[in-house]
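1. Turn this into a model:
(chains A and B)
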Protein chains: 2
Amino acid sequence: MFRFEIVNRSDKSMARVGIVNTKHGVIHTPAFIFCATKANVKGLTIDHVKNSGTQIILSNAYHLMLQPGSDLIRRAGGLHRFLSWDGPMFTDSGGFQIFSLGHGSVSSEIKGTRFGDRRRTLLCVTEEGAEFRSYYDGRIVKLTPESSMQIQMDLGADIIVSMDECTPYHVSKLYTANSMEKSKRWAIRSLEELKKEGRQNSQALLAVIQGGIYKDLRQESAHFANMNDFPGFAIGGSLGKTRSEMYDVIGMTTEMLDRSRYTHLLGIGGIADIFEGVKCGIDTFDCVSPTRIARHGAALVKARELLKKSQKHMNLNNAIYVDDFSPIRESCQCYTCRNFSRAYIHHLLRSRESLAGSLISIHNIFTMNRLMADIRKAIAEDKLDEIRNDWC
Amino acid sequence: MFRFEIVNRSDKSMARVGIVNTKHGVIHTPAFIFCATKANVKGLTIDHVKNSGTQIILSNAYHLMLQPGSDLIRRAGGLHRFLSWDGPMFTDSGGFQIFSLGHGSVSSEIKGTRFGDRRRTLLCVTEEGAEFRSYYDGRIVKLTPESSMQIQMDLGADIIVSMDECTPYHVSKLYTANSMEKSKRWAIRSLEELKKEGRQNSQALLAVIQGGIYKDLRQESAHFANMNDFPGFAIGGSLGKTRSEMYDVIGMTTEMLDRSRYTHLLGIGGIADIFEGVKCGIDTFDCVSPTRIARHGAALVKARELLKKSQKHMNLNNAIYVDDFSPIRESCQCYTCRNFSRAYIHHLLRSRESLAGSLISIHNIFTMNRLMADIRKAIAEDKLDEIRNDWC
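-> All right, here's what the predicted structure looks like:
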C-alpha cells in the first residue's frame, strides 16, 4: 500500500520532489507534517486544518498511550476516525518524549541547547525497553519496541516509527554508540512485531537513524537501515549544537542513506531549516512551531514583510497593528487573511480570546503548505535559492 | 429598512411567528441571539457560527468601547466587517454591564439571586449619565445616552438598545420608579441622537422596558414606549427572584406592549425560559449560556437523553462517556455530531484542549437554532406544549 516515488530531482542539490502513496491518499513531497499531539491540532477544528491545504498530520504515541490510551482509540475505530481525519497520518514511537523528558528536560536538551530542571521521569532503560512515570497520572509505564508497535497499530497511522533510545547532546560518544546499537536491535524487533501482525504493508515503518554528531556512528546506523526492509527512514537523535552543525549532520546522514527511500527529519521545521533539509534530500518535516508560535501571536510572513531584519515572525501583539486593517498578508488566500485584519487579531490577542491563536494557526498552516508547494515547484525549476531568499 | 412582520399566531397563547427585516438580512422569530461579547463568539471561527444555523449575533457596547474602542471599529468599516459577519447584528447599550458591575456584582444580582463582593466600579449616576472605572485599564469612563448611541452607531448593528439605568432586585420601589423615569428620559435622548444622525431607519432602536417587579411601573414604562416611535422593545430590569415571578413579570409586561412591534427579552435564554417567553409573545432571546456551559463540558440535549432527571445538560466530563463512541445526539446534524464522538470530546476535556469547548459550542449553537426552528413550526401548528415536553 505504501509506495514512494521520486518524480523530480534538482540538478544543484539532493533535493527531490516525490509522491508518497498511502491507504489514506497521497502526499506530495517535500511536505510539512502538522502536529495533532493529543489527537487534535490545538485550537482548530479539523475542517480548518484540511481546508488550509494540509496533507498529513502527526500524533504522538506517548501522549495518546497515557490519555486516552491506545486501546480506547482502537475501539473507536482508530485514530483517523477518532479525530475525524481521512488523509495520511503519521505517529511517532513515544521514544523521543520518554527520553527527552527522562533526561531531565525537553526537546531543546536533545538539540544540545540547554539543560532543563524538570523532574526526571525516566526510571530505567534496559535491553527490553524503558520504564517511566506518566506525566498524566504518576503511574509507572513500560514501553518496549513491541508495545510501541502495538500502540501504533492500535492508532493505525499510515507512517509509523520504530522505538529508539534518543540520546541527548551531552553524553559521550561511547554512550551514543551503545545507544545506537540498541536502537538497531529495537528497530528489528519493531519490524518483526509489525510483520507478526501482518501490518507491514498498510503501515510503513521508518527506521530511526541515530548516531548523534558522529559520522562513523551515523554511517553504521544508516547502513543497518539500508540493509533491512524499512520502507523509509526518520533522522533522529542529536543534530549538534549549532545550525551549521545540524545541517552538516543532516547532509552527511542523507548521503549515507538509500536515496530511493522516503526520508523524514524528526522535529525540525523552521523555514530556513526546511530549505537546508530539502537540499539534503529530506522529504518531510514535522514541528509544533507553526501552531505554537500562533498561540503567542506570531504569524509567518515572508522576510520583506517583517518590521525588522532581526525578527523571524510578525508579532501581532505589537501596538503598531492596533489599527492596521490589512490582512496578515495581502496576497494570502487563507481563511484568516480572506476574512480578518491584523487589527482584529490584535484586538483578540489583547482581549485574551483564544480565537486569536486559532486564526493565526490557520494562517501559519496555510503558509507552511504554501511554502512547501513553492518548494516543490522550485525544485522542478531549479530555483530553490531564489525562493529561499524570498522566504528567509 | 427595519421591518417586523407577524406571519403566524398561536391560538392558545400570545406566541407568534415573525420575520424581522434588516439591512443585513432577515431573522425568523422566535429566534436566539448568540453572544459575541468581545467581537467574537468565544473559541469559534465565525464560519462555524454561521454554518450552525445562526441568524443573528450580539456584541456588547460596554466591552467594545473599552477595548478596542468603538472609533477603531468604525474606522475598520464597522463591526460586521471587523468580525466578518454579514448577517443581522444586535448591540446592547452598555448600561446593563455598568450597572450590574457597579452595584457590586454580576448579572445574577440584577436577577435577585445573590449579592456579590466585586469591587464597585460605578462611580456616579447623574441625570446626564454614568461614570465608571474601566475593568480593562482602570481609567474613568463616562457613558451617556448620547455617547452610547454614538458608540452603537460606530459599531453599526441592525438592532440597538437605548441606555437605561438597570436597577437590581434589592432596591426600593421608589428607587425603581425614579430609575424607570430616568430611563424614559434617556430613551428619548437616545432616539433624538439617532435621528440627529439620520440613522433611525438603518439601526432599529429598542426602548428598554423597566419597572422591576411592579405592575404599575411596568405599565408606565410600557405606555411610554408605546407612545413613542421605537420600532421595538427590550424587556430589562429585575424580573424577580424566582422563575415563576419572572414568568409573571414577562407576561404582564408583554400584555401592556403594542403587540405589533418586535419584542426582545434581555439576557434570558434557558430552554424552559424560552418556552415561557415565547408564550408571552417574546420574539428574540439572548444569553451567553450555550457557549459558556460548552466550555465547561455541558452539551444541550433533549430531556430524555439525560442520565438523571435532575440534570439540565449532558456533562461530557462524566467518566461514563470515556468509551462512548456515539455522537452527543444520534440524530443531530451539527458539524460536531456528524464528525466526533462523546469519547473524543471527553478525551479533549480531560486533556484540557480548548477544542472541546469549541466542538460543544458548535453543537449547542446548532441545537438552540434547531430548538427555535421547532418552536416556530410548533406555533404555527399550535403544538408548543408537546415540543416543550420533548425538550424540557
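
2. hey, where'd the helices end up in the stretch 101-250 of chain A?
-> Under the criterion DSSP state H, counting those that start in this stretch, helices of the stretch 101-250 of chain A are mapped to A:107-110, A:145-155, A:173-196, A:215-227, A:243-256.

3. what's the closest of these to chain B?
-> Between chain B and the helices of the stretch 101-250 of chain A, the shortest gap by Cβ to the nearest Cβ is with helix A:145-155, which sits at 13.1 Å. Using the backbone N, CA and C atoms, a C-beta is placed for each residue, glycine as well.

4. what is the rounded mean pLDDT of the closest one?
-> Helix A:145-155 shows a mean pLDDT of 98.

5. ditto for stretch A:272-284
-> Rounded mean pLDDT across stretch A:272-284 is 97.

6. Repeat that for stretch A:347-365.
-> 98.

7. would you turn the helices of the stretch 101-250 of chain A into JSON lines with distance to A:T22?
-> Shown next, in JSON lines, are those (distance: least, Cβ to Cβ, whole Å):
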{"stretch": "helix A:107-110", "distance to A:T22": "26"}
{"stretch": "helix A:145-155", "distance to A:T22": "14"}
{"stretch": "helix A:173-196", "distance to A:T22": "15"}
{"stretch": "helix A:215-227", "distance to A:T22": "20"}
{"stretch": "helix A:243-256", "distance to A:T22": "22"}
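
8. Buried deepest among those, which one?
-> Among the helices of the stretch 101-250 of chain A, helix A:145-155 has the highest mean neighbour count (mean count of other Cβ atoms under 10 Å in any protein chain shown), at a mean of 23.

9. B:A343 is nearest to which of the helices of the stretch 101-250 of chain A?
-> B:A343 lies closest, by Cβ to Cβ, to one member of these: helix A:145-155, at 14.2 Å.

10. chain center to that closest one, what's the gap?
-> 19 Å (Cα atoms, centre = their mean, to the nearest Å).

11. tilt between it and helix A:173-196?
-> Angle of helix A:145-155 versus helix A:173-196, following axes from the mean of the first three to the mean of the last three Cα atoms, to 10 degrees, is 50 degrees.

12. tell me what helix A:145-155 is packed against?
-> helix A:61-66, helix A:70-75, strand A:159-161, helix A:173-196 (3 or more Cβ pairs under 8 Å, 6 or more residues apart in numbering or on different chains; DSSP states H and E).

13. Figure out which of the ones you listed is closest to A:S361.
-> helix A:61-66 (18.6 Å).

14. name the helices or strands packed onto the closest one?
-> Using 3+ Cβ pairs under 8 Å, 6+ apart, helix A:61-66 sits against helix A:70-75, helix A:95-102, strand A:140-143, helix A:145-155.

15. What lies in contact with the shortest one?
-> Yep, that's strand A:140-143 we're talking about. Strand A:140-143 is contacted by residues A:65-66, A:94-95, A:98, A:123, A:129-134, A:163 when judged by Cβ atoms under 8 Å, 6 or more residues apart in numbering or on different chains.

16. mind listing what it pairs with, with the direction of each?
-> Applying DSSP bridges, strand A:140-143 is found paired with strand A:130-133 (antiparallel).

17. in the partner strand, what counts as buried?
-> A:A130, A:E131, A:F132, A:R133 (16 or more other Cβ atoms under 10 Å in any protein chain shown).

18. farthest-separated two in the residues you listed?
-> A:A130 and A:R133 (11.2 Å).

19. Please enumerate the shared neighbours of those two.
-> Common neighbours of A:A130 and A:R133 (Cβ under 8 Å, 6+ apart) are A:L123.

20. and the closest residue to A:K279 other than its chain neighbours, how many neighbours?
-> Closest residue to A:K279 apart from its sequence neighbours, by Cβ to Cβ, 6 or more residues apart in numbering or on different chains: A:S13 at 4.0 Å. Using other Cβ atoms under 10 Å in any protein chain shown, A:S13 has 18 other residues around it.

21. Quick check: A:S13 touching A:D385?
-> No. At 9.2 Å, A:S13 does not count as touching A:D385 under the criterion of Cβ atoms under 8 Å.

22. Overlap of the contact sets of those two?
-> In contact with both A:S13 and A:D385: no residue, using Cβ under 8 Å, 6+ apart.

23. Now do the contacts for A:L205.
-> A:M149, A:I160, A:V161, A:S162, A:S190, A:L191, A:L194, A:F230, A:P231.

24. Just the local confidence number for whichever residue of the stretch 151-300 of chain A sits closest to chain B, please.
-> Closest approach between the stretch 151-300 of chain A and chain B, counting by Cβ to the nearest Cβ: A:R295, at 9.7 Å. Per-residue pLDDT puts A:R295 at 97.

25. how about low-confidence regions in the stretch 1-150 of chain A?
-> A:101-119 (pLDDT under 70).

26. what residues are up against the closest residue to A:D229 other than its chain neighbours?
-> Using Cβ to Cβ, 6+ apart and skipping residues adjacent in sequence, the residue nearest A:D229 is A:L191, 7.5 Å away. By Cβ under 8 Å, 6+ apart, the contact list for A:L191 reads A:S162, A:Q200, A:L205, A:N228, A:D229, A:F230.

27. circling back to that earlier point, nearest to B:M252 among the contacts of strand A:140-143?
-> So of the contacts of strand A:140-143, ranked by how close each gets to B:M252 (Cβ to Cβ), first place is A:L66, at 57.8 Å.

28. Could you pull up the residues touching that closest one?
-> Applying Cβ under 8 Å, 6+ apart to A:L66 gives the contacts A:S134, A:Y135, A:Y136, A:D137, A:V141.

29. From A:G138, how far off is it?
-> Using Cβ to Cβ, to the nearest Å, A:L66 is found at 11 Å from A:G138.

30. A:D324 too?
-> Applying Cβ to Cβ to A:D324 and A:G138 gives a distance of 47 Å.

31. burial of the nearest residue to A:N21 once chain neighbours are set aside, as a residue count?
-> In this structure, A:N21 finds its nearest non-sequential neighbour in A:R3, 4.3 Å apart by Cβ to Cβ, 6+ apart. Residues near A:R3, counting by other Cβ under 10 Å, number 12.

32. same deal with A:S162?
-> A:S162, neighbours per other Cβ under 10 Å, totals 29.

33. Surely A:G77 is within a helix?
-> No. According to DSSP: H, G, I helix; E, B strand; the rest coil, A:G77 belongs to no helix; its state is coil.

34. In contact with it, which residues?
-> Contacts of A:G77 (Cβ under 8 Å, 6+ apart): B:F325.

35. now swap in A:I379 and tell me
-> A:N8, A:R9, A:S10, A:A15, A:R16, A:V17, A:P30, A:V278.

36. shouldn't the third one be in contact with A:F275?
-> To tie it back to what came earlier, the one meant is A:S10. No. Shown here, A:S10 and A:F275 do not form a contact pair, counting by Cβ under 8 Å, at 11.9 Å.

37. Now do the residue nearest to the spatial centre of chain A against A:I159, distance only.
-> Most central in chain A under Cα atoms, centre = their mean is A:D286, positioned 2.0 Å from the mean C-alpha point. As judged by Cβ to Cβ, A:D286 and A:I159 stand 10 Å apart.

38. what do those two both touch?
-> By Cβ under 8 Å, 6+ apart, the residues touching both A:D286 and A:I159 are A:F90, A:H264.

39. No further questions, thank you.
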